[in-house]
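In: Can you look at this prediction? I've put the sequence above it.
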Amino acid sequence: MIYSALGLGVIATTIWAFQPRPIPVDMAQVSRGDLQVTLQAEGKTRVRDRYIIAADLAGHLDRIVLEEGDTVQVGSVVAQIDPLPANASVQAALSQLAEWRAERAGVATQRPKTETIDQARTRIQAAEARYQQAAAQVAQAQADWEQAQRDQARSRQLESQGAISRNTREISELNAINKAKDLEAAKLAAQATASEVEVAKAALIVVQKEQADPDYLLRVYDARIASAEAELAKLQKDAQRTVVRSPIAGKVLRIRQKSSQYVTEGTPLIEIANLKQLELVIDVLSTDAVKLKPGTPILIAQSSGNPAIRAKVRLIEPSAFTKVSALGVEEQRVNVIGDFLDSGDRFGDAYRVDVSFIVWQGQQVLQVPVSALFRCQETAWCTFVVQDGVVQQRSITIGQRSESAAEVCQGLTEGNTVITHPTGQIKAGVRVTRSS
């Protein structure tokens with residue numbers, strides 16, 4: 001009896017030893033909860049209204065003292081163009097207007113005197129002298145420019161031979177450019193003095209006619225005064241425009257012209273925007289854009305575990321554009337414009353953001369981890385269900401799907417245990433145990 005018992009024990013031990021042991025696996029339970037289907041994308045912030053402030057007139061710009069990030073108010077002075085030339089023109093126009101008004105007042109009581117004609121002739125002589133001086137300056141500037149052209153050609157040849165440095169050659173080219181500008185300025189000055197000669201001659205003719213016809217002279221002065229008043233109004237407006245002011249309250253984004261220099265009319269000087277009015281610009285594939293619509297929720301990821309910032313889609317641009325991906329593939333993409341729902345104070349203009357579009361969401365949705373799903377029968381989805389430690393393969397129907405979970409439409413019930421990340425060892429009938 002003892003030997004028989006020992007034999008049965010040995011046989012039982014041997015059977016147990018050679019029996020397959022349960023395979024340790026990761027398991028999860030089918031449960032109900034909130035489910036969100038999201039579309040991941042990258043975008044950037046953009047100020048909704050960007051103001052590029054430009055010079056209203058040509059002149060010498062004073063150095064801009066503002067820095068990027070400075071706060072400005074409505075009407076704050078952001079730049080200053082030297083007002084001296086404009087103010088001088090205003091004073092000259094005022095003087096001319098006063099002179100013509102005074103002369104017109106005298107016309108009513110007396111005719112022009114002979115001295116007036118002599119003065120007009122003297123003005124013609126002075127204007128002709130200035131014209132001759134300007135013509136001489138044009139000739140000198142022309143000669144200087146031609147010499148600069150020859151020096152430039154010579155420096156290029158010497159540089160190619162290695163006889164001079166590149167810096168020397170660039171200096172000669174800069175000199176040629178400056179001489180060309182000097183020549184152009186001299187020609188303009190000559191044209192102005194030539195116009196002065198014509199004006200002086202015309203004035204002499206007018207004075208001669210005025211001496212014979214005082215009524216005509218009165219009409220002429222009326223026309224002169226009206227023209228001078230219009231010119232004075234323009235000059236006064238230009239003098240006011242030398243002070244460049246901010247049209248809005250906001251922050252300085254970029255300073256286009258920092259240093260003191262001559263600027264032409266329309267030269268961009270500074271960019272200002274209200275950073276409290278930011279929007280999102282997110283480019284997505286055109287195939288993904290059809291899943292979105294105005295009002296679609298957006299979540300903006302933050303670092304350090306802070307909660308996501310909420311936003312929503314305001315506009316999907318109607319036209320797509322071609323963009324080459326990092327892999328060199330041409331893609332059709334569409335810009336999606338979004339508005340912040342939460343405060344975006346921590347962002348500035350053109351900040352990069354990682355966003356998630358919530359294209360679908362549900363509550364108390366029966367769901368299974370995506371890691372528990374695998375393809376079976378080509379188009380069907382299957383999962384391994386564990387019941388009493390034994391694996392069963394089950395075909396299921398899923399609905400909406402996020403990155404981590406999928407909606408269960410058919411095939412599983414709440415509380416079912418499934419295997420996540422199944423390996424090639426797992427198949428129906430295999431015994432498993434939960435891995436530690």
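Out: Okay, I see it.

In: And the helices in the stretch 51-200 of the chain?
Out: Ranges of helices in the stretch 51-200 of the chain, per DSSP state H, counting those that start in this stretch, are 84-107, 114-160, 166-212.

In: got TSV for these, with mean neighbour count and distance to residue 376 too?
Out: The way it works is simple: take the backbone N, C-alpha and C, and place the C-beta from them, glycine included. Putting these into TSV (neighbours: other CB atoms under 10 Å; distance: least, CB to CB, whole Å) gives the following:
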stretch	mean neighbour count	distance to residue 376
helix 84-107	15	84
helix 114-160	15	75
helix 166-212	15	72
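
In: Format these as TSV; extra columns: mean pLDDT and distance to residue 287.
Out: Below are the helices of the stretch 51-200 of the chain laid out as TSV (pLDDT from 0 to 100; distance: least, CB to CB, whole Å):
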stretch	mean pLDDT	distance to residue 287
helix 84-107	76	58
helix 114-160	80	56
helix 166-212	78	53
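
In: export these to a markdown table and tack on distance to residue 222?
Out: Supplementary listing: the helices of the stretch 51-200 of the chain in a markdown table, determined by distance: least, CB to CB, whole Å:
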| stretch | distance to residue 222 |
| --- | --- |
| helix 84-107 | 7 |
| helix 114-160 | 18 |
| helix 166-212 | 13 |
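
In: Contacts only, for the nearest residue to residue 321 once chain neighbours are set aside.
Out: Distances taken as CB to CB, 6 or more residues apart in numbering put residue 333 closest to residue 321, at 6.2 Å, once the chain neighbours are dropped. Neighbouring residues of residue 333 by CB atoms under 8 Å, 6 or more residues apart in numbering: 283-286, 320-323.

In: Please identify the helix or strand for residue 333.
Out: strand 330-340 (DSSP states H and E).

In: as a whole number, average confidence for that strand?
Out: For strand 330-340, mean pLDDT is 96.

In: Mind listing what's buried along it?
Out: Using 16 or more other CB atoms under 10 Å as the test for burial, strand 330-340 gives 331, 333-340.

In: same thing with stretch 49-69?
Out: The neighbour-count check on stretch 49-69 (16+ other CB under 10 Å) flags 53-57, 59, 61, 64, 66 as buried.

In: Inside strands: which ones of those residues?
Out: Among the buried residues of stretch 49-69, the members falling in strands (DSSP state E) are 53-54, 59, 61.

In: Can you lay out those residues as a markdown table showing distance to residue 252 and pLDDT?
Out: Shown next, in a markdown table, are these (distance: CB to CB, whole Å; pLDDT from 0 to 100):
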| residue | distance to residue 252 | pLDDT |
| --- | --- | --- |
| 53 | 10 | 92 |
| 54 | 15 | 92 |
| 59 | 22 | 81 |
| 61 | 16 | 86 |
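
In: Rebuild those residues as JSON lines, extending it with distance to residue 197.
Out: Formatted as JSON lines, those follow (distance: CB to CB, whole Å):
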{"residue": "53", "distance to residue 197": "41"}
{"residue": "54", "distance to residue 197": "37"}
{"residue": "59", "distance to residue 197": "28"}
{"residue": "61", "distance to residue 197": "34"}
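
In: Count residues in the vicinity of residue 311, would you?
Out: Using other CB atoms under 10 Å, the number of residues around residue 311 comes to 25.

In: Hmm, I typed the wrong one, I wanted residue 35.
Out: If we define neighbours as other CB under 10 Å, then residue 35 has 21 of them.

In: likewise residue 293?
Out: Residue 293: 10 neighbours (other CB under 10 Å).

In: Could you grab the helix/strand/coil label for it?
Out: coil (DSSP: H, G, I helix; E, B strand; the rest coil).

In: Can you tell me the closest non-neighbouring residue to it?
Out: Take residue 293 and drop its neighbours on the chain: the residue closest to it by CB to CB, 6+ apart is residue 313, 6.8 Å away.

In: Let me know the pLDDT of that neighbour.
Out: What the model reports for residue 313 is a pLDDT of 97.
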